[in-house]
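Engineer: 3D model of this:
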Amino acid sequence: MKLAIVLGTVRENRLSERLAKWVMREATQHDGVEAELVDLKDYPMPFFDEPISPRYNPNRKVNEVAQTWLAKLNAADAYVYVTPEYNHSIPAVLKNALDYVTWEMVKKPAAVVSHGTVGGARATMHLKEILSESRACIIPAQVAFHGRVGELLDEQGNLAEAAKAQPYGPQTALKNMLDELKWYSDALDAARSRS
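Structural biologist: A predicted model of the protein is given here:
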C-alpha cells in the first residue's frame, strides 16, 4: 500500500507536524506499507478559482502546482489526513487543496488524525464530509488528540512513553486505524483491478 500522509496546515510552529511525523513513523513499521509525508507547504496553490467544476470541465487548465498535488494524490493507494481544528472546521489551505481534486482518490481509503479542543472532532466531521465528495472510501477508524499534542509528542514525532502505555490510548488507536486502512486498501485495490 502506497500511503500518502497529508499534513493539512501550513502555520508556523504547527503541532500537526508532530502528529504527521508520528503517523509516518508508525506507518513505515507496518508490513506492506510504503508511506510518504505530503506537506501542503510544498504545494502553495492559489485559491481555487476555476470557472467550472473540475470534474466537468473538458477544457480544464490546472495550475502547475495543483497538477503536482493531484499527481501525488493519484499515485497513492490510501490516505491519512492530519488536521488541526480551526474555528470548528479544517484549515482553509486543506479545503482549498481538496477543491482541486477530481477522480484521484476514487475507491481508495482515507482516514483522519486530528487534534484540537475536542480532539478535532468537528474538523474530522467536516473533513470526512468533504472527502466523501472525492468518492474516496472514508473509513470509520480515526485518531484524535485532545489539545495536548505538544505534551504528548516531541518535535520529531516521538510519542511520550506514558501515552504509549495506555491500553486505549493514541498508540493503540493509530495501530488499529492503520490496520483497518491497510485492509480496505488491499480489498479496494483487488476490486479496482477487476473492474
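
Engineer: quick one: low-confidence ranges for this protein?
Structural biologist: Applying pLDDT under 70 to the chain flags the ranges 147.

Engineer: mind listing the strands for it?
Structural biologist: For the chain, the strands defined by DSSP state E cover 2-7, 34-39, 78-84, 109-115, 137-145.

Engineer: what residues are bridge-paired with the nearest residue to Glu17 once chain neighbours are set aside?
Structural biologist: Of all residues not flanking Glu17 in the chain, Leu7 sits nearest, at 6.2 Å (CB to CB, 6 or more residues apart in numbering). Bear in mind the C-beta positions are built from the backbone N, C-alpha and C, glycine included. Going by DSSP bridges, Leu7 is paired in beta bridges with Asp39, Val82.

Engineer: rewinding a little: among the strands of the chain, which is nearest Ala163?
Structural biologist: Among these, strand 137-145 comes nearest to Ala163, with 9.5 Å by CB to CB.

Engineer: centre of the chain to the closest one, how far?
Structural biologist: Distance of strand 137-145 from its chain centroid, counting by CA atoms, centre = their mean, to the nearest Å, is 10 Å.

Engineer: that one to strand 78-84, inter-axis angle?
Structural biologist: For strand 137-145 against strand 78-84, the angle by axes from the mean of the first three to the mean of the last three CA atoms, to 10 degrees is 40 degrees.

Engineer: contacting residues for the residue positioned nearest the centre of the chain?
Structural biologist: Note on the chain: the residue nearest the mean C-alpha position is Tyr81, at 1.3 Å, using CA atoms, centre = their mean. Listed by CB atoms under 8 Å, 6 or more residues apart in numbering, the contact set of Tyr81 reads 6, 8, 94, 110-113, 127, 131.
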